[in-house]
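Participant: Provide a 3D model corresponding to the input given below.
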Amino acid sequence: MHGKSGISFGVFLTLMLLFFNTTAQISPGDLSNPHSHLEGISNCTQCHVLGSKVASEKCLACHTEINLQKGYHSSTDVKGKQCFDCHNDHHGKNFQLIRLDVKTFNHNLTGFSLSIPHSKKECKDCHNAKSISDQKIKAKNYTYMGLNRECLSCHEDYHQKTLSSTCLNCHNPDAFKPATKFNHANAKFQLVGKHANVECLKCHKVDVKDGKRFQEFQGVAHTNCTNCHKDPHQNQFGQNCRQCHSEESFHAIKGKNFDHSKTNFNLVDKHLSVDCKSCHKTKLTDPIKHDRCTDCHTDYHNNQFVKNNISPDCSQCHSTKGFNLYTFTIEQHNIGPFPLLGAHAPVTCNQCHKKQEKWSFKDIGKNCKDCHTDYHNNQFSKNGVSPDCSQCHVVKGFNFVTYTIEQHNKSLFPLLGAHMATACNECHKKQEKWSFKDIGNNCKDCHTDIHQTYIPSKYYPNANCKICHNESQWEDVSFDHSKTNFKLTGAHLKRNCKECHFKKDVGGNEQQKFTGLPSNCSSCHTDNHFKQFEKNGITNCTECHSTDNWNDSKFDHNTAAFKLDGKHINVPCIKCHKPQQEGSQTYVKYKLKTFTCESCHS
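Facilitator: You can find the predicted model right below:
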């Protein structure tokens with residue numbers, strides 16, 4: 001019996017040793033710490049399908065917190081992918097299964113766009129255990145899931161449940177203050193009249209509630225004016241203040257509903273807003289003169305319209321809507337010695353008739369200079385006399401000029417190309433005042449020479465911009481690059497000058513450089529071959545490529561270390577030259593170390 005038991009135990013030990021050796025050979029590596037409880041060959045089928053690959057269904061059976069119908073996992077970045085495309089394992093215990101570049105991650109893909117304040121936060125400010133309510137997700141060491149999109153899931157309820165929990169009904173996610181979406185017109189108490197200008201704090205007091213700062217918005221009494229305002233009449237006229245007052249002003253008295261039209265002087269327009277005491281200086285019942293405007297109003301025109309020692313009544317030109325509203329028409333004015341034409345028509349009366357303290361309607365001048373200042377400061381003066389404005393301007397407005405391009409082209413500076421479309425003030429009003437003389441004839445007199453100190457003077461002597469640029473299109477450069485040490489050929493001829501000569505520094509500022517630029521390809525172009533063809537620190541792209549087309553190769557495999565012959569001639573390149581991974585980048589390996597048959601053929 002003991003002999004048989006010994007043999008059985010030996011067989012058992014042998015099988016166990018074979019089992020563990022096989023296990024070590026099958027597993028490609030240690031599982032990461034979160035999956036470490038799945039180590040061992042008996043757990044393989046927890047994630048893998050026998051004879052196949054890892055199944056996403058098995059992943060989701062464990063990770064029930066993943067919702068493929070919303071959030072990041074429902075985005076276009078993830079749809080159609082298998083779980084292991086992003087979260088593969090067997091790379092060691094400390095391998096990070098979740099790898100996101102937080103600096104470039106597009107948060108819009110989660111279904112929650114970051115507002116301006118949110119975009120300034122660090123990920124961990126929001127993605128932390130404190131903000132997660134789901135206990136299963138909260139138990140994780142770190143996760144980006146489990147957050148609620150409602151404001152109050154992260155922010156304290158300042159209103160302490162007295163208002164709606166949907167903060168965005170009133171607030172803007174870019175700034176909580178002020179509450180730009182709130183419209184008082186939708187509240188039970190609409191703001192009209194003077195109420196519209198009252199500070200919120202006057203009605204909505206700030207107090208302390210439950211030990212916290214609290215501003216009252218609900219339950220503010222507003223049934224009567226006296227809820228907020230003190231009754232100066234001490235209830236002598238009852239509580240209905242609106243019988244005599246309005247929200248526009250307490251001082252705008254309605255006259256206690258007195259109907260002034262029952263008198264022989266009906267109150268209309270401006271008279272309605274006049275204080276009773278302004279006219280009724282003694283008792284309200286004392287009779288007052290009111291047949292003529294001048295019974296109450298002073299003749300501000302100081303008898304300028306007097307005929308036969310009698311001034312006409314104000315009502316001939318003015319109305320009760322206000323002295324500034326007159327009935328004297330442009331048609332009546334045009335019958336006079338100075339018809340109102342062009343821009344003169346909309347000019348208010350006081351601009352011509354009230355140049356000084358008093359109004360004036362006679363002998364105020366007929367020439368332009370009688371009203372208008374010579375803004376050109378005698379620049380066109382001849383023999384001490386300036387020409388009348390009408391020689392260049394019209395009554396439509398000073399901006400309408402009759403001075404033509406044809407006239408300008410007879411001057412010392414003809415307008416050509418883009419100069420023809422340039423507004424006058426661009427050249428003639430560089431400073432506060434207009435200037436038409438001695439303003440320069442060279443490009444640099446108006447345009448800043450941005451190339452100064454950057455381009456040697458031999459390429460544009462005397463800073464003459466026209467050597468490269470023309471007046472029709474500034475961006476149209478005609479510089480002959482063959483005069484330099486780098487002749488432009490092929491695709492280089494289609495490049496904009498700025499692509500090579502204007503670069504941004506680390507601070508994002510554009511810097512120009514025209515001298516000392518390297519001429520080798522890799523100084524501008526990325527070496528996609530990862531220095532495989534580098535010789536003495538320089539990769540000469542032109543050995544295989546031309547400047548006409550980057551994809552057009554001049555490479556001859558017969559000049560390489562492995563000449564193609566026989567069946568090799570028709571083998572696709574990718575069969576031998578495989579993509580290689582280096583860090584986060586992939587490149588094709590062209591430089592092979594061995595060329596033996598067995599290195600490719602099994």
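Participant: what mean pLDDT does stretch 588-602 get?
Facilitator: The average pLDDT for stretch 588-602 rounds to 87.
Participant: Asp490 against Trp550, yeah?
Facilitator: Not quite, residue 490 is Gly, not Asp. No: at 9.6 Å, Gly490 does not count as touching Trp550 under the criterion of CB atoms under 8 Å. Heads up, the C-betas are built off the backbone N, CA and C, glycines and all.
Participant: hang on, isn't Asn367 packed against Asp388?
Facilitator: Yes: counting by CB under 8 Å, Asn367 touches Asp388, with 6.5 Å between them.
Participant: helices of the stretch 251-400 of the chain, start to end?
Facilitator: Under the criterion DSSP state H, counting those that start in this stretch, helices of the stretch 251-400 of the chain are mapped to 276-279, 330-334, 349-353, 368-371.
Participant: report the distance from the second one to the chain centre.
Facilitator: Between the centre of helix 330-334 and the centre of its chain there are 50 Å (CA atoms, centre = their mean, to the nearest Å).
Participant: now what about it, what contacts it?
Facilitator: 339-340, 345 (CB atoms under 8 Å, 6 or more residues apart in numbering).
Participant: how about Cys427, secondary structure?
Facilitator: Secondary structure assignment for Cys427 (DSSP: H, G, I helix; E, B strand; the rest coil): helix.
Participant: relative to Ser411, how far out is it?
Facilitator: Using CB to CB, to the nearest Å, we find Cys427 at a distance of 12 Å from Ser411.
Participant: neighbour count: those two, which is higher?
Facilitator: Cys427 (17 against 9; other CB atoms under 10 Å).
Participant: the more buried one against Ile439, yeah?
Facilitator: Yes: using CB under 8 Å, Cys427 is in contact with Ile439, at 6.4 Å.
Participant: any shared contact partners between the two?
Facilitator: Common neighbours of Cys427 and Ile439 (CB under 8 Å, 6+ apart) are Cys446.
Participant: one step back: between the contacts of helix 330-334, which is nearest His419?
Facilitator: Looking at the contacts of helix 330-334 and their distance to His419, the nearest is Ala345, at 34.2 Å (CB to CB).
Participant: what about the closest one, distance to Ala560?
Facilitator: 87 Å.
Participant: for Lys138, same thing?
Facilitator: Distance, Lys138 to Ala560, by CB to CB: 60 Å.
Participant: over to Asp207?
Facilitator: 85 Å.
Participant: just want to know which of those two has more residues nearby.
Facilitator: Set side by side, Asp207 and Ala560 give different neighbour counts by other CB under 10 Å, the larger being at Ala560 (13 against 9).
Participant: returning to what we had before: closest one to Glu156 among the helices of the stretch 251-400 of the chain?
Facilitator: That would be helix 276-279 among these, by CB to CB, at 55.2 Å.
Participant: name the helices or strands packed onto that closest one?
Facilitator: On a contact count with 3 or more CB pairs under 8 Å, 6 or more residues apart in numbering; DSSP states H and E, helix 276-279 meets no helix or strand.
Participant: for Cys500, phi and psi?
Facilitator: phi -110, psi -30 (degrees, to the nearest 10).
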